[in-house]
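**Student:** what would the 3D arrangement of this be:
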Amino acid sequence: MSISQQAFLRDAMRRLNLTRDVFATRIGVKRRALDTWLLPEGSQEFRAMPEVVQRFVSEIVQNGVLLEKYTQSVQDGPLRDRIAVEGKHQLLSVDQFTRESVEDLFRVADMMQPIARRQKVSRVLEGAVLGNLFFEASTRTRVSFGSAFCRLGGSVCDTTGFTFSSMAKGESIYDTSRVMSGYVDAMVIRHPDQGSVAEFARATNIPVVNGGDGPGEHPSQALLDLYTILTEFSRLGKLLDGAHIAMVGDLKYGRTVHSLIKLMALYKNVKFSLVSPKGLEMPTYIVEQASRNGNIIEQKSSLAEGLAGADVIYATRVQKERFANEENEGYTPDFQINRAIIDAYCSPETIVMHPLPRDSRPGANDLSVDLNHDPRLAIFRQTDNGIPIRMAIFAVLLGVEGLVQHSLRDVTWQHPTHIGPDDSVFHGLE
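**Tutor:** Numbers count the residues shown, from 1 in each chain. Predicted coordinates:
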């Protein structure tokens, strides 16, 4: 099999819209056996799937259509063309995606997992240069994009802040974009003004990725968030269709929730509980867009109302740097997600997420650090997923995703089985 066993099975479950339990029953195996087949190769408990099961699963997903997806022989064309913007291979908004194309991207991300988990190395982007143009402060997004490009063999040129760019001298976005296009093969751009990344994209034909444009969108963050939710649900035997998602905090300026709710609206019968301080509610046009496919939107003013029965809690910090006339300077204690609140209103299987950074200072009332040892806290699994997702974005936009499987070789360095000392037992690298 030219793809990893884990990616093959996860893709089959996605296509059939089945939980692990139902999928195991359908193919006639014990759930424990399926769990060992779904582990990353190299894990101590990993077991190879019998060839007869592989053949049977392939037949279930319509005679090899699954494998054809991985070799990019789909009839509707390469993914990079299906998500193109006016014929250009760029990623500016989650509006470029359908449910099918999102899941196609996630299949590519699954193939990237051995590289992201430091088991394999690929050099498919050797010789390519990424321009990381961040005109607004960033740590995770900037380093994550750079790391993803490097793990595919490319190199990165960084610039951070207006002060250190020629735009401080009056250079236009058009000129900056065109000049940089002569130096690099792809650009990731973060800018404080909504719509500015689209201006950069119009001035060039090289791939441009929106790394966040003010209060607008953050498509790669939304993609990694959705990928995390689907991965966590797979572990728990849940489906996103019909799930209950609670979004808490600054929903007016939080660009991550703007993009994420639009992506999740591609699924069916999802219940969204939107909990925010007065004046920081989700914009009306986004609420209207998220109401499709039978999804339910409920605006709530307290955690007690919004969190009860939630499968996922997505918390956000107050975006004070984007405030205009708002009086809010931060959350009151009534909006802090902490261990007591989670225990009171949520189940042991609730997933707690946050796009980070979270404000851990006393009195900030952001996502509490008292959840750090709770396995329901998925924020670090979430950030780790930024690498395979952003690798997949680059591979698709630059047209090399079909070369990755044949380019893999083993790593030569030693790495820990868990990145952090407090990582959950199911969050190992091997």
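**Student:** quick one: buried residues of stretch 178-197?
**Tutor:** With burial defined by 16 or more other CB atoms under 10 Å, the residues of stretch 178-197 counted as buried are 180-181, 184-191, 196-197. Using the backbone N, CA and C atoms, a C-beta is placed for each residue, glycine as well.
**Student:** helix or strand: which one has M391?
**Tutor:** Using DSSP states H and E, the secondary-structure element containing M391 is helix 386-397.
**Student:** list just the nearest of the buried residues of stretch 178-197 to P207.
**Tutor:** For these, the residue nearest P207 by CB to CB is A186; the value is 4.3 Å.
**Student:** can you give me every residue that contacts the closest residue to the closest one other than its chain neighbours?
**Tutor:** Leaving out its chain neighbours, the residue that sits closest to A186 by CB to CB, 6 or more residues apart in numbering is P207, at 4.3 Å. When contacts are counted by CB atoms under 8 Å, 6 or more residues apart in numbering, P207 touches 88-91, 185-187, 394, 397-398.
**Student:** counting by contacts, list what the helix holding M391 packs against.
**Tutor:** Identification of packing neighbours for helix 386-397 by 3 or more CB pairs under 8 Å, 6 or more residues apart in numbering; DSSP states H and E yields helix 79-82, helix 99-116, helix 140-151, helix 219-236.
**Student:** right, and these - which one's nearest K271?
**Tutor:** Ranking the helices and strands packed on helix 386-397 by proximity to K271 (CB to CB) places helix 219-236 first, at 14.0 Å.
**Student:** show me what counts as buried in the helix or strand following the closest one.
**Tutor:** If you walk from helix 219-236 toward the C-terminus, the next helix or strand you reach (DSSP H and E) is strand 244-248. Along strand 244-248, these residues count as buried under the neighbour rule (16+ other CB under 10 Å): 244-248.
**Student:** three-state assignment of E45?
**Tutor:** The three-state label given to E45 by DSSP: H, G, I helix; E, B strand; the rest coil is coil.
**Student:** now P40
**Tutor:** Following three-state DSSP, P40 is assigned to coil.
**Student:** that one and N132, how far apart?
**Tutor:** Separation of P40 from N132 (CB to CB, to the nearest Å) stands at 29 Å.
**Student:** show me which of these two is the more surrounded one.
**Tutor:** Legend: neighbour count by other CB atoms under 10 Å for P40 and N132, higher for N132 (24 against 16).
**Student:** just to revisit the earlier point, turn the buried residues of strand 244-248 into a markdown table, including distance to M112.
**Tutor:** Shown next, in a markdown table, are those (distance: CB to CB, whole Å):
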| residue | distance to M112 |
| --- | --- |
| H244 | 30 |
| I245 | 26 |
| A246 | 30 |
| M247 | 28 |
| V248 | 30 |
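**Student:** between these, which sits nearest V156?
**Tutor:** For those, the minimum distance to V156 (CB to CB) is 32.4 Å, reached by M247.
**Student:** who's the closest one bridged to?
**Tutor:** The residues listed as beta-bridge partners of M247 by DSSP bridges are L274, Y314.
**Student:** quick one: residues contacting it.
**Tutor:** M247 touches 257, 260-261, 272-275, 282, 314, 316, counting by CB under 8 Å, 6+ apart.
**Student:** how close does it sit to Y174?
**Tutor:** M247 sits 36 Å away from Y174, taking CB to CB as the criterion.
**Student:** which among the contacts of P207 count as buried?
**Tutor:** In those, burial by neighbour count holds for 89-91, 185-187, 394, 397-398, counting by 16+ other CB under 10 Å.
**Student:** closest one of those to R202?
**Tutor:** Ranked by distance to R202 (CB to CB), the buried ones among the contacts of P207 are led by Q90 at 9.7 Å.
**Student:** with adjacent residues omitted, what lies nearest to that closest one?
**Tutor:** Spatially, and ignoring its direct neighbours in sequence, Q90 is nearest to V208 (4.5 Å; CB to CB, 6+ apart).
**Student:** same question for L307.
**Tutor:** Closest residue to L307 in three dimensions, ignoring its sequence neighbours and counting by CB to CB, 6+ apart: Y345, at 4.3 Å.
**Student:** do I286 as well
**Tutor:** Once its chain neighbours are removed from consideration, I286 has its nearest residue in H258; the separation is 5.6 Å (CB to CB, 6+ apart).
**Student:** for S101, see how far away the one you found is.
**Tutor:** Counting by CB to CB, the separation of H258 from S101 is 19 Å.
**Student:** neighbour count for the two, which is higher?
**Tutor:** Neighbour totals were compared for H258 and S101, and H258 leads with 24 against 16 (other CB under 10 Å).
**Student:** part of a helix, is that one?
**Tutor:** Yes - H258: assigned to a helix according to three-state DSSP.
**Student:** list the residues that contact it.
**Tutor:** H258 sits next to 215-218, 282-283, 286 when contact means CB under 8 Å, 6+ apart.
**Student:** so who does the nearest residue to S93 once chain neighbours are set aside touch?
**Tutor:** Spatially, and ignoring its direct neighbours in sequence, S93 is nearest to E217 (5.3 Å; CB to CB, 6+ apart). Residues counted as contacts of E217 (CB under 8 Å, 6+ apart) are 92-94, 210, 255, 258-259.
**Student:** returning to what we had before: burial count for the residue nearest to L307?
**Tutor:** When neighbours are counted by other CB under 10 Å, Y345 registers 18.
**Student:** I figured it hits E305, correct?
**Tutor:** No - no contact is recorded between Y345 and E305 when judged using CB atoms under 8 Å, the distance being 9.4 Å.
**Student:** could you check how far the residue nearest to the spatial centre of the chain is from R15?
**Tutor:** Centre of the chain computed as the mean C-alpha position; nearest residue by CA atoms, centre = their mean is L224, 0.5 Å away. Relative to R15, L224 is positioned 21 Å away (criterion: CB to CB).
**Student:** over to P416?
**Tutor:** Applying CB to CB, one obtains 34 Å for the distance of P416 from R15.
**Student:** and G363, by the same measure?
**Tutor:** Counting by CB to CB, the separation of G363 from R15 is 48 Å.
**Student:** same question, G211
**Tutor:** Applying CB to CB, one obtains 31 Å for the distance of G211 from R15.
**Student:** and L274, by the same measure?
**Tutor:** Using CB to CB, we find L274 at a distance of 31 Å from R15.
**Student:** average pLDDT for stretch 146-153?
**Tutor:** Averaging the model's pLDDT scores along stretch 146-153 yields 98.
**Student:** only alpha carbons, please: show that stretch as PDB.
**Tutor:** Extracted C-alpha coordinates of stretch 146-153, given in PDB (Å, rounded to 0.1, in the frame of the first residue of the first chain):
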ATOM      1  CA  GLY A 146       8.400  28.300   8.600                       C
ATOM      2  CA  SER A 147       8.900  24.900  10.200                       C
ATOM      3  CA  ALA A 148       6.400  23.300   7.900                       C
ATOM      4  CA  PHE A 149       8.200  24.600   4.800                       C
ATOM      5  CA  CYS A 150      11.500  23.500   6.100                       C
ATOM      6  CA  ARG A 151      10.300  20.000   7.000                       C
ATOM      7  CA  LEU A 152       9.500  19.600   3.300                       C
ATOM      8  CA  GLY A 153      13.000  20.600   2.400                       C
END
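**Student:** many thanks, I have nothing further to ask.
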